[in-house]
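Undergrad: Compute the structure for the input listed below.
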Amino acid sequence: MNKQLDLRLKAFGRSLEVLDLPEHLMIWRDKPPVVFTRLRAEAGQMMVTLEEAGKKQQTGPAGAVAEKELEETELEDAAYSLAQALRVWFSHARQETEAVEMTLPLSEWQRMRDQVLLAKSQRVIDLATAVTAGADAAGAAEYGVTTEAVTTLTKERADYDAIVNTPGVVAAVRKALTKGLPQAFALVENKFGELDSLISQFGRADGGRGMIAAWKDARLQKGQHHRTEKESPAPGPPAPAV
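TA: Numbering: from 1, shown residues only. Below you'll find the model as predicted:
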């Protein structure tokens with residue numbers, strides 16, 4: 001992430017910190033205009049997504065898309081591995097219905113998308129959880145049906161679910177990231193702009209003016225080494241005597 005974008009990200013963070021001070025929460029949270037509360041939550045979600053993308057240096061089309069593909073592949077592999085272990089276990093335990101249900105080639109797992117993949121992998125988790133909690137858990141562990149395998153698959157599913165089922169504003173940022181960080185920053189800046197437009201309504205509340213002033217200060221990008229209007233130039237050398 002270049003310096004300019006990093007400074008903008010820090011300004012976003014400072015702005016939210018101002019709003020979240022205890023004395024300021026009493027002024028705006030769930031108070032008219034109540035939409036401000038929702039917009040603040042959305043801004044926070046968007047900023048976290050943007051921050052994560054910046055850390056990963058997702059600066060091109062491959063960024064957000066590659067992240068989803070990676071999580072999808074990891075889920076497919078983990079689900080297939082545990083499903084195969086369950087297939088053999090159920091077959092030896094003469095539970096043919098469950099054995100058939102778990103008989104899926106890797107290629108079929110790879111053709112599943114989004115909600116179908118999430119649902120099928122959850123079914124594997126449910127079956128494996130029941131086995132590992134049952135009387136034959138020790139025997140099943142010899143096949144690879146273990147609590148560790150269930151934990152691994154559960155984590156991979158949660159990671160993929162976080163991408164597929166993100167809130168609308170987060171999904172929008174992820175989509176913008178496919179075109180690069182600047183586009184995503186512009187989207188987040190628009191959300192903060194909505195907060196800029198509404199925050200003045202809290203000026204009539206006790207402490208409201210102070211909160212608004214702190215917000216405006218936090219929204220400034222700092223570290224640009226430019227002189228503000230309030231700053232005066234450094235004095236030059238004294239004029240020569242005449």
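
Undergrad: C-alpha only now, for contacts and for neighbours.
TA: Fine.

Undergrad: looking at this protein, which helix or strand does the model trust least?
TA: One helix or strand of the chain scores below all others by mean pLDDT, DSSP states H and E: helix 168-177, with a mean of 82.

Undergrad: For that helix, list every residue counted as buried.
TA: V169, V170, A171, V173, R174, K175, A176, L177 (16 or more other CA atoms under 10 Å).

Undergrad: Could you pull out the helices in this structure for me?
TA: For the chain, the helices defined by DSSP state H cover 3-19, 22-28, 35-55, 62-92, 96-101, 106-111, 114-132, 137-141, 147-164, 168-177, 181-199, 208-219.

Undergrad: mean pLDDT for these: which is lowest?
TA: Ranked by mean pLDDT, those bottom out at helix 168-177, which scores a mean of 82.

Undergrad: now that one, how far from the chain's geometric center?
TA: The chain centroid and the centroid of helix 168-177 are separated by 10 Å under CA atoms, centre = their mean, to the nearest Å.

Undergrad: quick one: that helix to helix 35-55, angle?
TA: Counting by axes from the mean of the first three to the mean of the last three CA atoms, to 10 degrees, helix 168-177 points 30 degrees away from the direction of helix 35-55.

Undergrad: Put the alpha carbons of stretch 160-178 into PDB.
TA: Provided in PDB are the C-alpha atoms of stretch 160-178 (Å, rounded to 0.1, in the frame of the first residue of the first chain):
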ATOM      1  CA  TYR A 160     -15.200 -19.500   3.000                       C
ATOM      2  CA  ASP A 161     -18.500 -18.600   4.600                       C
ATOM      3  CA  ALA A 162     -17.000 -15.200   5.600                       C
ATOM      4  CA  ILE A 163     -16.300 -14.500   2.000                       C
ATOM      5  CA  VAL A 164     -19.500 -15.800   0.400                       C
ATOM      6  CA  ASN A 165     -22.000 -14.500   3.000                       C
ATOM      7  CA  THR A 166     -20.500 -11.100   3.900                       C
ATOM      8  CA  PRO A 167     -22.700  -8.100   4.600                       C
ATOM      9  CA  GLY A 168     -23.600  -6.100   1.600                       C
ATOM     10  CA  VAL A 169     -21.200  -3.200   2.200                       C
ATOM     11  CA  VAL A 170     -18.300  -5.600   2.700                       C
ATOM     12  CA  ALA A 171     -19.200  -7.500  -0.400                       C
ATOM     13  CA  ALA A 172     -19.200  -4.100  -2.300                       C
ATOM     14  CA  VAL A 173     -15.700  -3.400  -1.000                       C
ATOM     15  CA  ARG A 174     -14.500  -6.900  -2.000                       C
ATOM     16  CA  LYS A 175     -15.900  -6.300  -5.500                       C
ATOM     17  CA  ALA A 176     -14.200  -3.000  -5.800                       C
ATOM     18  CA  LEU A 177     -10.900  -4.600  -4.700                       C
ATOM     19  CA  THR A 178     -11.000  -6.600  -7.900                       C
END
